[in-house]
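A.B. asks: A predicted structure for the sequence below; I have some questions about it.
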Amino acid sequence: LQVPHAPSQLLASNESRRFTNKHSKKALKASLTLGILLGMFFVAWLPFFVTNVAQAVCGCVPAGFFDVLTWLGYCNSTMNPIIYPLFMRDFKRAMGKFLPCCRRPVEPRPSAISLSMRNSHSGPRAATSLKNVL
């Protein structure tokens, strides 16, 4: 365990730790999303494929049961467009560009000049007005 000797080493250590935490959270979220998607895929389609093989081998699967398993797989395919927007912010943004029902009102973004004036403490303050200054 190293003890940082200079404030710059402490700052670099904190930056590195924050960078690692941010990326590990993203990796965890991506793994969770992938796990949910693959889990739903296997739960929905694996019975269909096993039954399909059993039907080819012995012909002992009732037609109604085979149809139910087929529709279970179709339901999984229907759920994918719902699952992706729930877990993926980039997917939401992309769909918002193409679907008018998904668009959010765009708030005007402050310009770089107004941000620098606000952060520099040299611009006008909200509490003071031009009348009070003159």
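C.D. replies: Thanks, I have the structure now. Numbers count the residues shown, from 1 in each chain.
A.B. asks: mind checking the SS state of residue 61?
C.D. replies: For residue 61, the assignment made with DSSP: H, G, I helix; E, B strand; the rest coil gives coil.
A.B. asks: Around it, how many other residues sit close by?
C.D. replies: 17 (other CB atoms under 10 Å). C-betas here are computed from N, CA, C, even on glycine.
A.B. asks: what's the spacing between it and residue 52?
C.D. replies: Going from residue 61 to residue 52 by CB to CB, to the nearest Å gives 8 Å.
A.B. asks: remind me which residues of the protein are low pLDDT?
C.D. replies: 1-20, 102-134 (pLDDT under 70).
A.B. asks: So in it, which helix runs the longest?
C.D. replies: Longest helix of the chain, by residue count under DSSP state H: helix 7-58.
A.B. asks: For it, name the packing helices and strands.
C.D. replies: helix 63-87 (3 or more CB pairs under 8 Å, 6 or more residues apart in numbering; DSSP states H and E).
A.B. asks: Could you list every helix and strand that the helix it packs on packs against?
C.D. replies: Packed next to helix 63-87, using 3+ CB pairs under 8 Å, 6+ apart, are helix 7-58, helix 89-98.
A.B. asks: okay, now the nearest residue to residue 69 once chain neighbours are set aside: neighbour count?
C.D. replies: Closest residue to residue 69 apart from its sequence neighbours, by CB to CB, 6 or more residues apart in numbering: residue 48 at 4.4 Å. Using other CB under 10 Å, residue 48 has 18 neighbouring residues.
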